[in-house]
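Visitor: model this:
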Amino acid sequence: MEKRAILAFALSAALLVLYQTIFMAAPPEPPRPEQKVTEAAKAPTPPPVAAPRAARVPADATAEFVRPPERTARVNTPIYDATVSSEGGRLRAWTLKYRGEKTLVVPDRLGWRGLVLVRGGGAPPLALSISPEELSLDSKRPAGVLVLSGEDGFGVRITQTLGFRADQYLLDVTVVLENSRRDPQTVDVVLPLVAPSKPGEGPAQWPTEAVWTTGGIVHRQHDLENIGQQQGAGAWVGLGNVYYLLALVPRSPGLDISLSKQGADTVEAALRQTVTLGPGQAWEGRAQLYAGPKEYDRLKALGLEGAVDFGGFPVPRAYGGLPMEWLGVPVLWLMNRVYRYVGNYGIAIIILTVITKVLFYPLTLKSVSSMKKMQSIQPQVNALRAKFKGDPQRAQREMMELYRKEGVNPLGGCLPMIVQVPIFYALYIALSVSVELQNASFICFGRVFGRDLWICDLATQDPIYVLPILMGVTMFIQQKMMPVMGDPRQAKMMLFMPVVFTFMFLQLPSGLVLYWTVSNALQILQQYLMNRTPASATRREAKGTAHA
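Guide: All right, here's what the predicted structure looks like:
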């Protein structure tokens, strides 16, 4: 029974560590949205907006139209700095001040390309005027706007307002188009996000997945190189990685979400709407761009919480696994609340682990008690196996009768452990997706020769491997203290598991290794206390019998 109990722990731990490597590498193609597809979706994939073809100019367009030169405006806030181009309001820079500096925009490769008007297959750049040229926000001035205005060269007047906030990673976009010509005009309004299909070089937060929602269902695509075209009504669409997200949210009717491959190595996630303007007619569209960390509470306020991937259990959601948000979200909430009081995420993880161990102490006690009972009758079980060696069915019946007589459940040592596996898995996932751990120190002595001493970033591996070694030592001690049942040689072979796990944990984030190490240490303490309890109970029982 001990072998099965240890194997249960070992296999569940292996599942936690190898989950993303095995299952997340190549998930199946997500289902296509089940909504009415627009005519634009039936058309061939539009060409990249960076390489437009010449557009047909209406007959009454003036030849004297002159495009103003490109200008930029800087936006400074306490949580990010941005640079906005007058070419459609595209972002030239967006740098987060979040646990260091995080780059979310790389010009012409990654980021939001602003407003694009597509007509006749072409998308000429929109050179607008922009005002003011600098915008500084803080607690005294919590919000501000940039206004871009001009004409597209085809008689459509453009007024684009970009709203910034000092305390949110959010860009409010309002576009007003007005036809100044005598003939109606049809134009495709596009607000595109672009990213390379393969992560680029440099420190930018390169996206590794596309994520979008249709009909209240979150869809994910991890293979950006083979992404399929999607277009239709949806709540939002975005590109991101484990920790950071670029997402577009339509805030006016008619704006559809779209996802497509542009060229050989570019992925586009966009909002689109085909607009027909009669003479003198105007159209207004509103949207929001989120460019920031995947903090669950912040995303939930915007309806983007589905961007955080809590996975499924015991297999990913794409393979039919149970959703883990119902466990992962409370774990994140509790960890962040504890952090508010202690001011250190390492200590918060330790407190979270202690709370978990206290809650599951009754189950652990029941498991160990059942294993001790199994250990006590193991000689009788071995005798029955030897006696009925030639008749396995008779041996099984006799053992079941022995279990019934002694009041022992053969699965009693494993079931309480199995009940705990989803909770441990939720802790693992919550710590894996927690962007708050980035650059969060636990015990940091500074840097020597460019290396951290000791744990200065809970989201990265231990630079000197002290924590994984401690984890392996505590796991070895824990196994040595477990009741021995069955073949002692098998129990000795199981002692190699700490060595295997130590190597597996060398490259894992320090926050996860800290959780596992503290969990092992608490299990050792629990085991010590439980090993003493039966002996005390036996002595009390013996005294009571003698007195009687």
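Visitor: make it CA atoms for all contacts and neighbour counts henceforth
Guide: OK.
Visitor: could you break the protein into its assigned domains?
Guide: 2-20+325-541, 25-294 (automatic domain parsing).
Visitor: out of those, which comes closest to A307?
Guide: Ranking the domains of the chain by proximity to A307 (C-alpha to C-alpha) places domain 25-294 first, at 6.6 Å.
Visitor: avg pLDDT for that closest one?
Guide: Average pLDDT, domain 25-294: 85.
Visitor: circling back: turn the domains of the chain into CSV, columns for mean neighbour count.
Guide: Formatted as CSV, the domains of the chain follow (neighbours: other C-alpha atoms under 10 Å):
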stretch, mean neighbour count
domain 2-20+325-541, 17
domain 25-294, 19
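Visitor: tabulate those in a markdown table, adding columns for distance to Y319.
Guide: Shown next, in a markdown table, are the domains of the chain (distance: least, C-alpha to C-alpha, whole Å):
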| stretch | distance to Y319 |
| --- | --- |
| domain 2-20+325-541 | 13 |
| domain 25-294 | 8 |
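Visitor: and the helices in the stretch 401-548 of the chain?
Guide: 415-433, 466-481, 488-494, 497-505, 510-547 (DSSP state H, counting those that start in this stretch).
Visitor: can you give me the helices for the chain?
Guide: 2-23, 39-42, 296-302, 325-342, 345-359, 361-376, 378-387, 392-406, 415-433, 466-481, 488-494, 497-505, 510-547 (DSSP state H).
Visitor: is it possible to get CSV of the ones you listed that adds distance to D265?
Guide: Output for the helices of the chain, formatted as CSV (distance: least, C-alpha to C-alpha, whole Å):
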stretch, distance to D265
helix 2-23, 24
helix 39-42, 21
helix 296-302, 29
helix 325-342, 33
helix 345-359, 39
helix 361-376, 52
helix 378-387, 64
helix 392-406, 63
helix 415-433, 27
helix 466-481, 39
helix 488-494, 48
helix 497-505, 34
helix 510-547, 34
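Visitor: can you tell me which of those helices the model trusts least?
Guide: helix 39-42 (a mean of 36).
Visitor: any idea what R286 is bridged to?
Guide: For R286, the beta-bridge partners under DSSP bridges are T174.
Visitor: contacting residues for it?
Guide: Counting by C-alpha atoms under 8 Å, 6 or more residues apart in numbering, R286 makes contact with 172-175, 250-252.
Visitor: who are the contact partners of the nearest residue to D462 once chain neighbours are set aside?
Guide: Distance criterion C-alpha to C-alpha, 6 or more residues apart in numbering; nearest residue to D462, sequence neighbours excluded, is S510 at 5.5 Å. Contact analysis of S510 by C-alpha under 8 Å, 6+ apart lists 455, 457-462, 467.
Visitor: want to throw the residues you listed into CSV with distance to G121?
Guide: Below are the contacts of S510 laid out as CSV (distance: C-alpha to C-alpha, whole Å):
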residue, distance to G121
I455, 54
D457, 48
L458, 49
A459, 45
T460, 46
Q461, 49
D462, 52
L467, 58
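Visitor: on that earlier part again, for the helices of the chain, which one sits closest to P107?
Guide: helix 296-302 (25.4 Å).
Visitor: contacts for that closest one, please.
Guide: Against helix 296-302 from outside (C-alpha under 8 Å, 6+ apart): 305, 308.
Visitor: same check, this time on stretch 147-161
Guide: Contacts for stretch 147-161 (C-alpha under 8 Å, 6+ apart): 57-58, 61-62, 65, 86, 88-89, 126-132, 145-146, 162, 172-181.
Visitor: what's the closest of the contacts of R286 to P314?
Guide: Closest to P314, out of all of the contacts of R286 and judged by C-alpha to C-alpha, is P250, at 34.5 Å.
Visitor: so who does the closest one touch?
Guide: P250 neighbours (C-alpha under 8 Å, 6+ apart): 235-236, 256-257, 271, 286-288.
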